[in-house]
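J.: any chance you can model this:
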Amino acid sequence: LEVLARDPHPNVVEAAIRGLVSAAGHDADAAYLAALQQPAFQVIRAAAIALANTPAPNVAVPVLRSVFD
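T.: Numbers count the residues shown, from 1 in each chain. I've put the predicted structure just below:
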């Protein structure tokens, strides 16, 4: 799933993120943060949802704010 989260196709990345949420939870936060750099809105949305209640908000919040801006 982590390899698929870096796939060039946004639909694959979105599905991989959803799978990672179920399989790895916040252990995959680095993959979610990396996915926020993609231009596809569905990927950004999936990654942002995956980061909800992250144990490392000090890392996630600045990245989420920069994407929002």
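J.: ok, now how distant is residue 67 from residue 22?
T.: Using C-beta to C-beta, to the nearest Å, one gets 23 Å for the distance from residue 67 to residue 22. Just so you know, the C-beta spots here come from the backbone N, C-alpha and C atoms, and that holds for glycine as well.
J.: right, and the helix or strand after the top helix by length along the chain?
T.: Longest helix in the chain, counting residues (DSSP state H): helix 10-23. With elements assigned by DSSP states H and E, the helix or strand that comes after helix 10-23 is helix 29-35.
J.: roughly how far is the following helix or strand past that following helix from the heart of the chain?
T.: Heading C-terminal from helix 29-35, the first helix or strand you meet, by DSSP H and E, is helix 41-50. If you compare the mean C-alpha spot of helix 41-50 with that of the full chain, they lie 6 Å apart, counting by C-alpha atoms, centre = their mean, to the nearest Å.
J.: before we move on, the earlier item: who has more neighbours out of residue 67 and residue 22?
T.: Between residue 67 and residue 22, counted using other C-beta atoms under 10 Å, the more crowded position is residue 67 (14 against 8).
J.: how many neighbours does residue 49 have?
T.: The local packing of residue 49 (other C-beta under 10 Å) involves 12 other residues.
J.: what are the buried residues along stretch 39-51?
T.: By neighbour count, and taking 16 or more other C-beta atoms under 10 Å as the criterion, the buried residues in stretch 39-51 are 43-44, 46-48, 50-51.
J.: give the rounded mean pLDDT of that stretch.
T.: In this model, stretch 39-51 has a mean pLDDT of 97.
J.: pull the residues that contact stretch 54-69.
T.: Residues lying outside stretch 54-69 but in contact with it, judged by C-beta atoms under 8 Å, 6 or more residues apart in numbering, are 26, 29, 32-33, 36-37, 44, 48, 51.
J.: in that stretch, what's buried?
T.: For stretch 54-69, a neighbour-count test (16+ other C-beta under 10 Å) marks 54, 60, 63-64 as buried.
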